[in-house]
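Student: Requesting a structural model of the entry that follows:
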Amino acid sequence: MSKRKRKAQQPATGPAPRRRAYEGAMVSRLTADWVTSSTSADAEIDGSLVRLRNRSRQLVRDNGYAQQALRCIVSNVIGTGVRMQAQVPMQRGRGRLDTAINDAIERRWAAWCHADTCHAAGQLSLQEIARLAWRATAESGEVFIRLVPEAMGAGVVPLALEILEADLCDEGKTSGPDASGNEWRMGVRVNRWGRPLSYRFRTRHPGDVSGSVGYDVVDVPADQIIHLRRIERPGQTRGVPWFAAAIKALHHLAGYQEAEVVRARAASSLMGFITSPEGELIGDDVYDAERVTNFEPGAFKYLAPGESVSVPQLDAPDGQFEPFLRAMLRGVAASTGCSFEQVSNDYSQSNYSSNRMSRQDSIEMWKGEQQYAIEHFYRPIFARWMDAAVAVGDLQLPNYDALRERYQAVRWYPRAWGFLDPQVEIGAYKDAVRCGFMTQAQVVAEQGGDLAELMRDLAAERELAQELGLTLDIDAGKVSSAGLTQARPPGSIIPQDPYAAEDTAAQASSDSQDEPESPDDPEDSDDMEEPT
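Tutor: Residues are numbered from 1 along each chain as shown. The predicted structure is shown next:
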């Protein structure tokens, strides 16, 4: 063996080479209890879905902060409902809308959205269904809306909605791919691309009051189901409650609050003990081999001979409860997407700047949720309704099959947020419109309105005021922002005030007598001297 080969076989001495790594991936005694796994989204959800769902519902039932967070979510996403406005254009109108067709679509849609016709059970209107659906989505992680092809109540359109709670979808139905590449994943049958093909539902709720009554399972085609959930990882099939990251903190917070209340009651109830040579025991204090101790306000307890009492210090350190509660609620608010002020209803430590910053961040997040609601709830329901309404003749749309996309052009108006400081924000919007940075339509849309509808309402209002002989301060064409009538020269495009016409004519006559005549058209003046 050569000297070079023997040297290569000798073990290396000296310090081992250092490897570069992320600090978050380092393993040490400080991270020994950090248990992680490389599992898919469905693998993580599969073992935790039912328990997460049940714990989330229990918190919403019993915890006031969880209830407030849920109300905040529903209010910001749905509010009083998402309004639809038909936008069918005229075929030869150069972008103008077909008012007659749009009005007909909006009237028939509004008639169907009532509880008697749109809900299979006849109890909820469309907007109430939307609110309930988003409440269930946040609380249970998901909800299913079934499109029932039947006319309900007094309606003629063969379409109704059935709300299916997440428990009805058989999460235990999971199997590997078949020969076609289709597989079941927690009650949802998907193809090799992950597109849902059908859903397996229980015919009864597994926790219904009639627990002894069994249930069957049925497969419902995916084109009859709207599955609402928050997708947070690629390949995720089922949804998890929005309170998943806050469940543990809310549970501990509830226990801490209960302990503080009990401590405060005990500290404020018991006043002292009395020891006498005979001693005295009031009543039979032993039940089921356990002594029962009662704390009553202003009570003095007697002790038996030889008994002594060690009274613990029940007073907690002053000023610790409220800061700790705020810190915990900030974490809960961050996990649900709501602000601390919304969850706690505590605005004592906020100011205009902090409220505005928090509000702007929240609004952008809620707008994203609103777009999800429009795209995955309102739009598919509207499309299915229009198809059914045209098929039965409830809606007359010529050549609908060929122009379906044209007829289904709509604009959705979700809830908007009012001005935080109207005096400042309205001035900023005015400057933006005058500078060309925004349009009036954009400003009105941000407040949840429609410019065309606003213009029609203003025109009707001004027409009524003119009939009654009123000049309103809001009429910028006649009255300035200070409430003064604006002067308008003859021939102005701004309409004249009928009550100021005589004053305007008199003023014009006076001006013509005081000023020298000047020709209106240079060509009509023959004796004007040309400049030299």
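Student: who's in contact with residue 188?
Tutor: Shown in contact with residue 188 (Cβ atoms under 8 Å, 6 or more residues apart in numbering): 169, 196, 198-200, 227, 237-238. Yep, even glycine has a C-beta here, placed from its N, CA and C like the rest.
Student: Then residue 45?
Tutor: Here residue 45 is in contact with 186, 236-238, 240 (criterion: Cβ under 8 Å, 6+ apart).
Student: State whether it is indeed within a helix.
Tutor: Yes: using DSSP: H, G, I helix; E, B strand; the rest coil, the secondary structure at residue 45 is a helix.
Student: By mean pLDDT, which helix or strand of the protein comes out lowest?
Tutor: Every helix and strand of the chain was ranked by mean pLDDT, DSSP states H and E. The lowest is strand 286-287, at a mean of 47.
Student: that older thread, mind putting the contacts of residue 45 into TSV with secondary structure?
Tutor: Formatted as TSV, these follow (three-state DSSP):
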residue	secondary structure
186	coil
236	coil
237	coil
238	coil
240	coil
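Student: Of the residues you listed, grab the buried ones for PyMOL.
Tutor: Here is the PyMOL command that selects the buried residues among the contacts of residue 45 (16 or more other Cβ atoms under 10 Å):
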select buried, resi 186+236+237+238+240
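Student: Okay, and residue 55 sits in which element?
Tutor: helix 49-62 (DSSP states H and E).
Student: how far does that helix sit from the chain's center?
Tutor: Here helix 49-62 is found 20 Å from its chain centre; the criterion is Cα atoms, centre = their mean, to the nearest Å.
Student: which residues of the protein fall in strands?
Tutor: 83-86, 142-148, 160-164, 183-185, 188-190, 196-202, 217-221, 225-229, 270-275, 286-287, 290-291, 299-303, 410-413 (DSSP state E).
Student: Between the ones you listed, which has the poorest mean confidence score?
Tutor: Mean pLDDT is lowest for strand 286-287 among the strands of the chain, at a mean of 47.
Student: what stretches of this protein score poorly on pLDDT?
Tutor: Within the chain, the segments meeting pLDDT under 70 span 1-20, 93, 211-212, 269-319, 473-532.
Student: How about the residue nearest the centre of it, nearest residue that isn't a chain neighbour?
Tutor: The structure's the chain has its C-alpha centroid closest to residue 77; by Cα atoms, centre = their mean the separation is 2.1 Å. Spatial nearest neighbour of residue 77, chain neighbours left out: residue 369 (4.6 Å); criterion: Cβ to Cβ, 6 or more residues apart in numbering.
Student: wait, doesn't the one you found sit right on residue 78?
Tutor: No: between residue 369 and residue 78 there is no contact, the gap being 9.2 Å when judged by Cβ atoms under 8 Å.
Student: So if I had to pick from those two, which one is more boxed in?
Tutor: More neighbours surround residue 78 than the other of residue 369 and residue 78, with 24 against 19 (other Cβ atoms under 10 Å).
Student: just to revisit the earlier point, next, work out how far apart the residue nearest to residue 77 and residue 337 are.
Tutor: As judged by Cβ to Cβ, to the nearest Å, residue 369 and residue 337 stand 8 Å apart.
Student: How about residue 264?
Tutor: 33 Å.
Student: Residue 64 now?
Tutor: Residue 64 is 18 Å from residue 337, by Cβ to Cβ.
Student: Look at the two and report which has more neighbours.
Tutor: residue 337 (21 against 13).
Student: With adjacent residues omitted, what lies nearest to that one?
Tutor: Using Cβ to Cβ, 6+ apart, the nearest residue to residue 337 is residue 365, at 5.7 Å.
Student: Measure how buried that neighbour is and give me the count.
Tutor: For residue 365, using other Cβ under 10 Å, the count is 13.
Student: pretty sure it is touching residue 339, no?
Tutor: No: if you go by Cβ under 8 Å, residue 365 and residue 339 don't touch, sitting 10.3 Å apart.
Student: wait, what's in contact with residue 345?
Tutor: residue 68.
Student: quick one, phi/psi of it?
Tutor: phi 60, psi 30 (degrees, to the nearest 10).
Student: how near is it to residue 372?
Tutor: The value you get for residue 345 to residue 372, if Cβ to Cβ is used, is 27 Å.
Student: Over to residue 398?
Tutor: In terms of Cβ to Cβ, residue 398 sits 34 Å off from residue 372.
Student: So for the two, which residue has more residues nearby?
Tutor: Neighbour totals were compared for residue 398 and residue 372, and residue 372 leads with 17 against 8 (other Cβ under 10 Å).
Student: Pick the one among the contacts of residue 45 closest to residue 39.
Tutor: residue 236 (12.1 Å; Cβ to Cβ).
Student: How many neighbouring residues does the residue nearest to the closest one when sequence neighbours are not counted have?
Tutor: Leaving aside its chain neighbours, residue 236 sits nearest to residue 41 (4.0 Å; criterion: Cβ to Cβ, 6+ apart). For residue 41, the neighbour count with other Cβ under 10 Å is 16.
Student: Residue 41 contacts residue 240, doesn't it?
Tutor: No: using Cβ under 8 Å as the test, residue 41 is too far from residue 240 to be in contact (9.3 Å).
Student: what's near enough to touch residue 359?
Tutor: 339, 417, 420.
Student: Next, work out how far apart it and residue 454 are.
Tutor: 24 Å.
Student: do residue 399 as well
Tutor: If you go by Cβ to Cβ, the gap between residue 399 and residue 454 works out to 32 Å.
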